[in-house]
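Enquirer: based on what follows, work out the 3D shape:
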Amino acid sequence: MAARDVRAVENPITAIFDLAEDVERQAPKTQRLLKYTRAFLYVFLVLDVLLIVLLSGPGRLLALLLTLALWGLLLVQSATTNLTAKGLVLAGSLAVAVLLVLAFGAGLLFGVILVSLFYLGMVILDLVRDARGFVDYYARRYRVIRAVREADPVVLVPQGATPVDRLLTHLAQRSPAVATMLASRQYVRVPAILTGRTGVAYQFDAFLSWPADTLAPFGMGHEGSAVYVKAFDRAPTRADLEALRRAVQDVTQAVHLPPGRVIALWKSDGTADVPEEAYTFLTTQVVQGSVRGHAFACSMELVTEMPDGTYDFIPLMVDAAVVGASAGNPVPRPSA
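Expert: As a prediction, the model looks like this:
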């Protein structure tokens, strides 16, 4: 990074993009630093646990059980978002930590030091995890924004018999993952009637699925993905979009595939606009939930086929695989 006076600003907008590019260039180094830090903390915690067990004297089994209980409570505490539950778990972890110190008996001083180091190590590990999540989010977000900035602002509607056919053709042109799904008909249902976890059946104009890898339930490999398309004969209202979100969230729990794209499709005749409430919903709300214990959040997108033969997007979604491939990473393919 070139040395410069941080107080000097010529063009604020240009300076912001330059600053973002500087940070993005440093992101890989920061990611490696956080990776090595996490590995160091794992080794440190393992050694600390061994010392706790070895120096706790006759109560080694009790010390081991209390250490495992403290580890579990700290994991639950880091994953809990409810303030009341978080406070209760914190109180429980402190109580277990005190009992663990008392288990050292005559070596109480060693207990205070080792248990405090274990507690501190777990807290730092949680902070490192949050930092990794922020760096990963920032790097991906910047690449998406850059891809949108560099893309052609005019997107022509391709040839096709119906608006849904034309949209799928467009998605295949922009997304290698969607192109692979469309190339294998077992991944495509046009139209589709899908039953959610509640037993309610929902109708979609297109449903594309990307099957999860075999080891996905164990946290290894691709978790799979799904594309939902719902066509409207008029500008969708907020109520229409809320119903679509509920349907996708319900079906997601049945198919066990996180949504990658949720698209409301509308062919405009130029006489009506998107209602303000619908626009606000699209730009502020997401489809969210969890699959196999992993949380997901997917923005809904309104794709409008305009009378002049172009597409309008609210908001514009960029395929993460395309962004990753542009950075030199291979685009993954769904397994058969």
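Enquirer: show me the contacts for residue 249.
Expert: When contacts are counted by CB atoms under 8 Å, 6 or more residues apart in numbering, residue 249 touches 287-289. Bear in mind the C-beta positions are built from the backbone N, C-alpha and C, glycine included.
Enquirer: now residue 162
Expert: Neighbours of residue 162 in contact, by CB under 8 Å, 6+ apart: none.
Enquirer: phi, psi for residue 200 please.
Expert: Dihedral pair for residue 200: phi -80, psi 140, per degrees, to the nearest 10.
Enquirer: can you verify my assumption that it contacts residue 250?
Expert: Yes - with contact defined as CB atoms under 8 Å, residue 200 counts as touching residue 250 (6.4 Å).
Enquirer: more neighbours: which of those two?
Expert: residue 250 (18 against 13; other CB atoms under 10 Å).
Enquirer: just the pLDDT at that one, thanks.
Expert: Note on residue 250: pLDDT of 93.
Enquirer: one step back: which of the contacts of residue 249 fall in helices?
Expert: Using DSSP state H, no member of these sits in helices.
Enquirer: of these - the most surrounded one?
Expert: residue 287 (20 neighbours).
Enquirer: that residue pairs with what?
Expert: residue 298 (DSSP bridges).
Enquirer: list the buried ones in stretch 171-181?
Expert: 171-172, 175-178, 180-181 (16 or more other CB atoms under 10 Å).
Enquirer: residues in contact with the residue nearest the centre of the chain?
Expert: By CA atoms, centre = their mean, the chain has its centre lying nearest to residue 296, at 5.1 Å. With contact set as CB under 8 Å, 6+ apart, residue 296 has these partners: 258-259, 287-290.
Enquirer: next: residue 210.
Expert: Counting by CB under 8 Å, 6+ apart, the residues that residue 210 touches are 177, 181, 187, 222, 224-226, 257, 260, 334.
Enquirer: same question for residue 305.
Expert: When contacts are taken as CB under 8 Å, 6+ apart, residue 305 is in contact with 157, 163, 166-167, 265-268, 311.
Enquirer: same question, residue 291
Expert: 223, 252-253, 256-258 are the contacts of residue 291 under CB under 8 Å, 6+ apart.
Enquirer: how does it look with 7 Å?
Expert: 223, 252, 256-258 (CB atoms under 7 Å, 6 or more residues apart in numbering).
Enquirer: repeat for residue 187
Expert: Counting by CB under 7 Å, 6+ apart, residue 187 touches 181, 208-210.
Enquirer: which of those residues fall within strands?
Expert: 208-210 (DSSP state E).
Enquirer: which among the residues you listed gets closest to residue 35?
Expert: Taking CB to CB as the measure, residue 35 sits nearest to residue 210 out of the ones in strands among the contacts of residue 187, at 27.3 Å.
Enquirer: roughly how far apart are the closest one and residue 57?
Expert: 55 Å (CB to CB, to the nearest Å).
Enquirer: now do residue 41
Expert: 27 Å.
Enquirer: and for residue 84, the neighbour number?
Expert: Residues near residue 84, counting by other CB under 10 Å: 8.
Enquirer: same question for residue 183.
Expert: 10.
Enquirer: list the contacts of it.
Expert: Residue 183 neighbours (CB under 7 Å, 6+ apart): none.
Enquirer: wait, residue 171 sits on residue 178?
Expert: Yes - contact criterion CB atoms under 7 Å: residue 171 and residue 178 qualify, at 4.4 Å.
Enquirer: host element of the residue nearest to the centre of the chain?
Expert: strand 294-305 (DSSP states H and E).
Enquirer: fine, thanks again, bye for now.
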